[in-house]
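Asks: Provided below are the primary sequence and the corresponding predicted coordinates.
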Amino acid sequence: MGSNQSWVTEFVLVGFELSADLEVLLLWVFSLFYIFSLLANGVILGLICLDPSLHTPMYFFLSHLSIIDMSYASSNVPKMLANLVNHNRTVSFVPCIMQTFLYLGFAATECLLLVVMSYDRFVAICHPLHYTVIMNWRVCMVLAVSSWSCGFILALVHVILLLRLPFCGPQEVNHLFCEILSVLKLACADTWINQVVIFATCVFILVGPLCLMLVSYMRILWAVLKIQSKEGRIKAFSTCLSHLCVVGLLFGIAMVVYMVPDSNQREEQEKILSLFHSLFNPMLNPLIYSLRNAQVKGALYRALQRKRPT
């Protein structure tokens, strides 16, 4: 194929086909959700950094989850909001590929980090006497760095395979942002290698970790049922329920989008699911995971007391 056909300068993000009044309404709603998600995750991150009582492995991983949520939302949502403001929904080729790389990297890292957090809960409940030995700070750092490294290495592999493809038109990406499956549909060559690598990544990032987490929570459930006191069982269940909610939202959406066979009827549904993942998930995670936690509430109260004039 000639070089004049192998490179495009920009893509057009189709997004939702809505009336002008509805776009203005969604602009305000999505902006409020985005600001709230940044503020909520920022508060959680600040409390974990500043309060010594939260310097534990569980909150160490939660701080990384907050960073991922803020970064993931910031890689997609600002462009969505800009598209609601003006009708020129073009995005240059390089920023589009960078957006694909960032959202893949942050999403994969979050999946791996949730596996690490389930392992942390497993050790805390099933091996409480050895928790501080097993989950020492060296182990926590290795697990966190490994999650970030694996996530972005996988994203880099996908981007390299994407860049080898020629794009000669059409240029309309039928999505809210440069989502990899939607971009692949515009390639003027066979994308079977990309599809195989995406499927293999889903098995590694979604199916494998989900199986490990199910095994972990079966062991946790068995250990919790052995606890004699009702208060102890409730406390143990509450520490895991939040994690299960986050896992269900993230893994459920990702498996529907990337592992269910594609069809034209599903394109609009996938846009809504991706919107939920990009906008609502980062906002819900602090509410589900941290702001309802007694230790986080205590840390927030102490922080406000320190700022209050004596």
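Replies: Received it, and whenever you're ready, just let me know what you need. Numbering: from 1, shown residues only.

Asks: any idea which residue sits dead centre in the protein?
Replies: Centre of the chain computed as the mean C-alpha position; nearest residue by Cα atoms, centre = their mean is Ala107, 4.2 Å away.

Asks: moving C-terminal of the helix or strand harbouring that residue, what's the next helix or strand?
Replies: Remark: Ala107 resides in helix 93-126, with elements defined by DSSP states H and E. Counting by DSSP H and E, the element after helix 93-126 in chain order, helix or strand, is helix 131-134.

Asks: which secondary structure elements does the helix or strand just after that next one contact?
Replies: As assigned by DSSP H and E, the chain's next helix or strand after helix 131-134 is helix 137-163. The elements that helix 137-163 packs onto, with contact taken as 3 or more Cβ pairs under 8 Å, 6 or more residues apart in numbering; DSSP states H and E, are helix 57-85, helix 93-126, helix 180-184, helix 192-202. The C-beta positions use only the backbone N, C-alpha and C, and glycine is treated the same way.

Asks: which helices and strands sit right next to the next helix or strand after the last one?
Replies: This points to helix 192-202. Along the chain past helix 192-202, the next helix or strand (assigned with DSSP H and E) turns out to be helix 208-225. For helix 208-225, the helices and strands in contact under the criterion 3+ Cβ pairs under 8 Å, 6+ apart are helix 93-126, helix 230-259.

Asks: shaky segments in the protein?
Replies: Counting by pLDDT under 70, the chain has low-confidence residues at 1-7, 169, 232, 235-239, 242, 261-266, 289-293, 307-310.

Asks: how does it look with 50?
Replies: The chain contains residues with pLDDT under 50 at 1-6.

Asks: How far off centre is the host helix or strand of Glu268?
Replies: Mapping Glu268 onto the secondary structure by DSSP H and E places it in helix 267-275. Computed by Cα atoms, centre = their mean, to the nearest Å, the separation of helix 267-275 from the middle of its chain amounts to 15 Å.

Asks: pull the CA atoms of the next helix or strand after that helix into CSV?
Replies: Following helix 267-275 in sequence order, the next helix or strand is helix 281-289 (DSSP H and E). Taking Å, rounded to 0.1, in the frame of the first residue of the first chain, the C-alpha atoms of helix 281-289 are listed here in CSV:
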residue,chain,number,x,y,z
ASN,A,281,-16.4,4.4,38.3
PRO,A,282,-13.8,7.0,39.4
MET,A,283,-16.5,8.9,41.3
LEU,A,284,-18.0,5.8,42.9
ASN,A,285,-14.8,4.2,44.0
PRO,A,286,-14.1,6.7,46.8
LEU,A,287,-17.7,6.5,48.0
ILE,A,288,-17.7,2.7,48.0
TYR,A,289,-14.2,2.1,49.2
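
Asks: Buried ones in helix 281-289, by neighbour count?
Replies: For helix 281-289, burial by neighbour count (16 or more other Cβ atoms under 10 Å) applies to 281-286, 288-289.

Asks: Repeat that for stretch 182-197.
Replies: Neighbour counts over stretch 182-197 (16+ other Cβ under 10 Å) mark 182-184, 186, 191, 194, 197 as buried.

Asks: mind giving me a markdown table with the residues you listed and columns for distance to Pro166?
Replies: Output for the buried residues of stretch 182-197, formatted as a markdown table (distance: Cβ to Cβ, whole Å):
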| residue | distance to Pro166 |
| --- | --- |
| Ser182 | 17 |
| Val183 | 13 |
| Leu184 | 12 |
| Leu186 | 10 |
| Thr191 | 11 |
| Asn194 | 13 |
| Val197 | 18 |
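
Asks: and the helix holding Ala107, what other elements does it pack with?
Replies: Contact here means 3+ Cβ pairs under 8 Å, 6+ apart; on that basis helix 93-126 packs against strand 10-13, helix 57-85, helix 131-134, helix 137-163, helix 180-184, helix 208-225, helix 230-259.

Asks: what's the angle from it to helix 208-225?
Replies: For helix 93-126 and helix 208-225, the angle between their directions (axes from the mean of the first three to the mean of the last three Cα atoms, to 10 degrees) works out to 20 degrees.

Asks: what distance separates helix 93-126 from the centre of its chain?
Replies: Centroid displacement of helix 93-126 relative to its chain, using Cα atoms, centre = their mean, is 6 Å.

Asks: Between helix 267-275 and it, find me the angle.
Replies: Computed by the same axes, to 10 degrees, the angle separating helix 93-126 from helix 267-275 equals 60 degrees.

Asks: Mind listing what's buried along helix 93-126?
Replies: Within helix 93-126, the residues that count as buried by 16+ other Cβ under 10 Å are 93, 96-97, 99-125.
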